[in-house]
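structure here, sequence nowhere to be found:
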């Protein structure tokens, strides 16, 4: 069984990379597969100020690039391939990608989550035309222009602050009358003269002929409707798990997050889940990395007991 | 892939005899950088029939906005001086790009 991997981690974000590091460090034959950008969502966050140890070079791309290099230095293989099919029932699991087929004793699902769509008219039509889900990707376009940010959590407010480096004015539209973001982030946002807020309000439509021109905003308390002129709309209204690949295979909650125990074990033996794709109370880089470590260590235990 | 800027956009893209694939990217756009090797691979495969170009939007912001590109990554096809099709953000995957290319070879 020379060509059988001990661990295949699916997903090259902090959870998968951390699993790769722990697996490879204990000399397990480890492969990490990533379909798109290495580093996952963390790679599109400029400021990663709450990851322990990240105070001097706190950018998401830099930290996640280091995570990848670190896993590789210990011998983890990394490949940019898209997993199209999984066969997880047997003792040896099969992982089929767009260009190869692999066998593994254990699989760690670390596919993460993706930004949720708001679902209002105009959103899909104007994607890439002013509607964005990635501030680091698109902030440049809005230099000296006006943008709105939809949402009130950590991501929304942190990215609103980031956008003030470019935009002339940033308006945060939030459906409640207070933010959910961490207090230290809130304080910075309230002190920033470029940021203003529209409270108790939701965006019901995005308008524009070819590019974004305005958003229709509804106050959920008074039902008052108004139109706000803007050049860009940045959406941070939550996340959805990326778990279609294992739908119907492992147990999930009603939203599609994978259910695990504290050892990251799923409902299938030898299959683990780590990071944002899992049911958990805090989805952060630090908890994703921790999940990956636990999953890899438990995978090794499973291998030593079963092979 | 040919670097496009405000000076050569007209000649190389709009007046091209062949259909043009233009990869709008940016220095801070990680998904763009992740996608680029796949586009370069497609350039090897389809380069004789389609002209492959890229445009750094960080240096050519006005040009990008004039093409109604305000989100990255965006992979656009130009034919006979006009933008005829484009794939943006989530839709800009190697598979989707190849499918689009096949319509112009």
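Happy to help now that I have it. Keep in mind that what you see is a predicted model, and the values were worked out from it rather than measured.

tell me who's in contact with the residue of chain B most remote from its centre.
The C-alpha centroid of chain B is most remote from residue B:28, which lies 17.1 Å away (C-alpha atoms, centre = their mean). Counting by C-beta atoms under 8 Å, 6 or more residues apart in numbering or on different chains, residue B:28 touches A:46, A:136, A:137, A:139, A:140, B:58. No exception for glycine: its C-beta is placed from N, CA and C like everyone else's.

same check, this time on residue A:148
By C-beta under 8 Å, 6+ apart, the residues touching residue A:148 are A:170, A:171, A:172, A:173, A:203, A:215, A:228, A:230, A:232, A:233, A:234.

parallel or antiparallel, list what pairs with the helix or strand harbouring residue A:149.
Assigned by DSSP states H and E, residue A:149 belongs to strand A:146-150. Strand A:146-150 has the following strand partners under DSSP bridges: strand A:169-173 (parallel), strand A:232-235 (parallel).

what's downstream of the last one, the next helix or strand?
Counting by DSSP H and E, the next helix or strand C-terminal to strand A:232-235 is strand A:239-241.

so which residues make contact with the helix ranked longest in chain B?
As assigned by DSSP state H, the longest helix anywhere in chain B is helix B:30-46. Helix B:30-46 has contacts (C-beta under 8 Å, 6+ apart) with A:36-39, A:43-44, A:61, A:80, A:134, A:136-137, B:1, B:21, B:23-26, B:52, B:54, B:72-73, B:75, B:89, B:92-94, B:97-98, B:101, B:105.

so what angle separates the directions of the helix or strand following that helix and helix B:30-46?
Next helix or strand after helix B:30-46 toward the C-terminus (DSSP H and E): strand B:51-56. Going by axes from the mean of the first three to the mean of the last three C-alpha atoms, to 10 degrees, strand B:51-56 is angled at 160 degrees with respect to helix B:30-46.

for strand B:51-56, name the packing helices and strands.
strand B:2-4, strand B:20-25, helix B:30-46 (3 or more C-beta pairs under 8 Å, 6 or more residues apart in numbering or on different chains; DSSP states H and E).

sorry, back to before: what's the most buried one of the strands paired with strand A:146-150?
Using mean count of other C-beta atoms under 10 Å in any protein chain shown, the stretch among the strands paired with strand A:146-150 with the largest mean neighbour count is strand A:232-235, at a mean of 27.

before we move on, back to that, quick one: which of the helices and strands packed on strand B:51-56 is nearest residue A:208?
Among the helices and strands packed on strand B:51-56, the nearest to residue A:208 by C-beta to C-beta is strand B:20-25 (18.7 Å).

can you give the strand pairings for the closest one, parallel or anti for each?
strand B:51-56 (parallel), strand B:74-79 (antiparallel).

please identify the deepest-packed of those strands.
The highest average neighbour count among the strands paired with strand B:20-25, using mean count of other C-beta under 10 Å, belongs to strand B:74-79 at a mean of 23.

and the contacts of that strand?
Residues outside strand B:74-79 that contact it (C-beta under 8 Å, 6+ apart) are A:128, B:13-14, B:16, B:19-24, B:35, B:39, B:67, B:69, B:83-89, B:92, B:97, B:100-101, B:104.

ok, which residues in the stretch 1-150 of chain A are in contact with chain B?
Counting by C-beta under 8 Å from any C-beta of the partner chain, the stretch 1-150 of chain A comes close to chain B at A:36-39, A:43-44, A:46, A:61, A:80, A:98, A:127-134, A:136-143.

what subset of these is buried?
Buried members of these, counted by 16 or more other C-beta atoms under 10 Å in any protein chain shown: A:36-39, A:43-44, A:46, A:61, A:80, A:127-134, A:136-142.

and these, which of them are in strands?
Among these, the ones falling in strands (DSSP state E) are A:131, A:132.

sec struct for the residue nearest to residue A:30 when sequence neighbours are not counted, please.
Spatial nearest neighbour of residue A:30, chain neighbours left out: residue A:23 (3.8 Å); criterion: C-beta to C-beta, 6 or more residues apart in numbering or on different chains. What DSSP: H, G, I helix; E, B strand; the rest coil gives for residue A:23 is helix.

residue contacts, residue A:23?
Contacts of residue A:23 by C-beta under 8 Å, 6+ apart are A:6, A:7, A:9, A:30, A:76, A:296, A:299, A:300.

which of those sits closest to residue A:223?
Closest to residue A:223, out of all of these and judged by C-beta to C-beta, is residue A:9, at 48.4 Å.
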